[in-house]
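S.K.: no sequence for this one, just the structure:
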């Protein structure tokens, strides 16, 4: 299987919460990231969490980390049409400067 | 202000005709990366530079080469593009090794079409 796995699609209604999930295999992952990619654009870092944390909140974004299960999630509260994009999960070991990316989850927000 | 700039944004080339993609940065970052991204796939690292030190991924085709003449600029040369090389090419930079807060900044990408 892939080192970082994500489901490919998620569809939500505007105003609802979105939860994008990610699992990873590398237990030495120290930093875990969420990137957003809008159509025709590069990847934009949304947020990241250290492996010694289990939650991080930043405005509408909440990141949850279950290190034991190697599971990372991104919750977007009050999802808006502008949140429609591809969301990439990525991990990085502390001694490395090469992150490992998932395949991305395409979030579709409909009215 | 743009920090990682890629030119052109869209490039069309013919099968077998060499093409060069350009990336520049205003961040003075040590590390520059080139990724290939195809639809519904993770960005695939092709190579990266730490300053002038070049690092080639083991599975990067020989058809792909890179140059970094100075801190600000990095080029991706595709010597003989095939149809399978059509993709989005992303350039990214990073300030240094290790640590938090030294994360990657990505450019907008160059969409390469091979006819």
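M.R.: Cool, got the structure. What you are looking at is a predicted structure, and each value in this text was computed from that prediction instead of being measured. Numbers count the residues shown, from 1 in each chain, chains lettered A, B, ... in the order given.

S.K.: From now on I want contacts and neighbour counts done on CA atoms only, so please keep to that.
M.R.: OK.

S.K.: Pretty sure residue A:87 sits against residue A:104.
M.R.: Yes: the pair residue A:87 / residue A:104 is scored as a contact, 5.2 Å apart, by CA atoms under 8 Å.

S.K.: Pull up the residues of chain B that are close to chain A.
M.R.: Listed as neighbours of chain A in chain B under the rule CA under 8 Å from any CA of the partner chain: B:40-43, B:90, B:96-100, B:104-109.

S.K.: now with 6 Å?
M.R.: Residues of chain B lying close to chain A by CA under 6 Å from any CA of the partner chain are B:40-42, B:97-98, B:106-109.

S.K.: In TSV: those, plus secondary structure, neighbour count and pLDDT.
M.R.: Shown next, in TSV, are these (DSSP: H, G, I helix; E, B strand; the rest coil; neighbours: other CA atoms under 10 Å in any protein chain shown; pLDDT from 0 to 100):
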residue	secondary structure	neighbour count	pLDDT
B:40	coil	14	82
B:41	coil	14	87
B:42	coil	20	89
B:97	coil	16	70
B:98	coil	16	64
B:106	strand	25	93
B:107	coil	25	94
B:108	coil	26	93
B:109	coil	30	94
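
S.K.: now, among those residues, which is nearest to residue A:64?
M.R.: Comparing these against residue A:64 with CA to CA places residue B:42 closest, at 21.6 Å.

S.K.: unless I'm mixing things up, the closest one is touching residue A:102, no?
M.R.: Yes: between residue B:42 and residue A:102 there is a contact under CA atoms under 6 Å: 5.3 Å.

S.K.: For residue 106, which non-adjacent residue is spatially closest?
M.R.: Since you didn't name a chain, this refers to chain A. Excluding the flanking residues, the one nearest residue A:106 by CA to CA, 6 or more residues apart in numbering or on different chains is residue A:86, at 4.2 Å.

S.K.: I was after chain B.
M.R.: Distances taken as CA to CA, 6+ apart put residue B:92 closest to residue B:106, at 4.2 Å, once the chain neighbours are dropped.

S.K.: Over to residue A:53?
M.R.: Nearest residue to residue A:53, sequence neighbours excluded (CA to CA, 6+ apart): residue A:65, at 7.2 Å.

S.K.: ok, the one you found touching residue A:57?
M.R.: No: counting by CA under 6 Å, residue A:65 stays clear of residue A:57, with 11.7 Å between them.

S.K.: Between these two, which is the more surrounded one?
M.R.: residue A:65 (22 against 13; other CA atoms under 10 Å in any protein chain shown).

S.K.: Mind jotting down where the strands sit in chain A?
M.R.: Listed from the start of the chain, chain A has strands (DSSP state E) covering A:4-6, A:9-13, A:18-24, A:29-37, A:43-50, A:55-58, A:61-66, A:71-76, A:85-93, A:100-101, A:105-110.

S.K.: Take those and write them to CSV, including mean pLDDT.
M.R.: As requested, those are exported to CSV (pLDDT from 0 to 100):
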stretch, mean pLDDT
strand A:4-6, 94
strand A:9-13, 97
strand A:18-24, 97
strand A:29-37, 92
strand A:43-50, 92
strand A:55-58, 94
strand A:61-66, 96
strand A:71-76, 97
strand A:85-93, 93
strand A:100-101, 93
strand A:105-110, 96
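
S.K.: Stretch B:10-21: which residues count as buried?
M.R.: Along stretch B:10-21, these residues count as buried under the neighbour rule (16 or more other CA atoms under 10 Å in any protein chain shown): B:11, B:19, B:21.

S.K.: quick one: which of the residues you listed is nearest chain A?
M.R.: Comparing the buried residues of stretch B:10-21 against chain A with CA to the nearest CA places residue B:11 closest, at 13.2 Å.
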